[in-house]
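Trainee: return atomic coordinates for the entry below.
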Amino acid sequence: MRSAKRLADNVVAVIRGGNPRPYIHADVGSVASLGLCKGVAEVYGVRLRGFLAWFMHRGYHLSRVPTLSHKAR
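Mentor: Numbering: from 1, shown residues only. Below you'll find the predicted structure:
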C-alpha cells in the first residue's frame with residue numbers, strides 16, 4: 001500500500017520512456033502492547049515504555065480503523 005503511489009508513477013514513467021525511481025520506505029517506528037496499560041514504543045528514535053507507550057499503541061491502531069462508527073464500537 002505504501003509503495004502504490006511510487007509504483008503508479010514508475011509505470012507511467014516507463015510507458016513514457018522515462019526511468020523508474022526507487023521506492024524508499026521511511027519507517028516511523030514501532031509500538032507494542034505488553035498487557036493492560038503497559039507497553040513499549042520507539043517513535044522517531046525516542047524510546048518510551050509504560051502507560052504512554054501503551055496509549056500510543058492503542059491510539060495508532062484506533063486511527064487505522066476506517067470509519068467513525070467502527071471506531072465507536
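Trainee: when you work out contacts or count neighbours from here on, use the C-alpha atoms and nothing else.
Mentor: OK.
Trainee: relative to residue 54, how far out is residue 37?
Mentor: 6 Å (Cα to Cα, to the nearest Å).
Trainee: those two: which is more packed in?
Mentor: residue 54 (23 against 13; other Cα atoms under 10 Å).
Trainee: which strand or helix spans that one?
Mentor: helix 51-63 (DSSP states H and E).
Trainee: ok, then the element right after that helix?
Mentor: Next along the chain from helix 51-63, counting by DSSP H and E, comes helix 68-72.
Trainee: what comes up buried for the helix holding residue 54?
Mentor: 53, 54, 55, 56, 57, 58 (16 or more other Cα atoms under 10 Å).
Trainee: for the residue nearest to the fourth one when sequence neighbours are not counted, give me its contacts.
Mentor: Right, residue 56. Leaving aside its chain neighbours, residue 56 sits nearest to residue 31 (7.3 Å; criterion: Cα to Cα, 6 or more residues apart in numbering). For residue 31, the contact set (Cα atoms under 8 Å, 6 or more residues apart in numbering) comprises 39, 40, 41, 42, 43, 53, 54, 56, 57.
Trainee: let's see that with 7 Å instead.
Mentor: Applying Cα atoms under 7 Å, 6 or more residues apart in numbering, one finds that residue 31 lies in contact with 40, 41, 42, 57.
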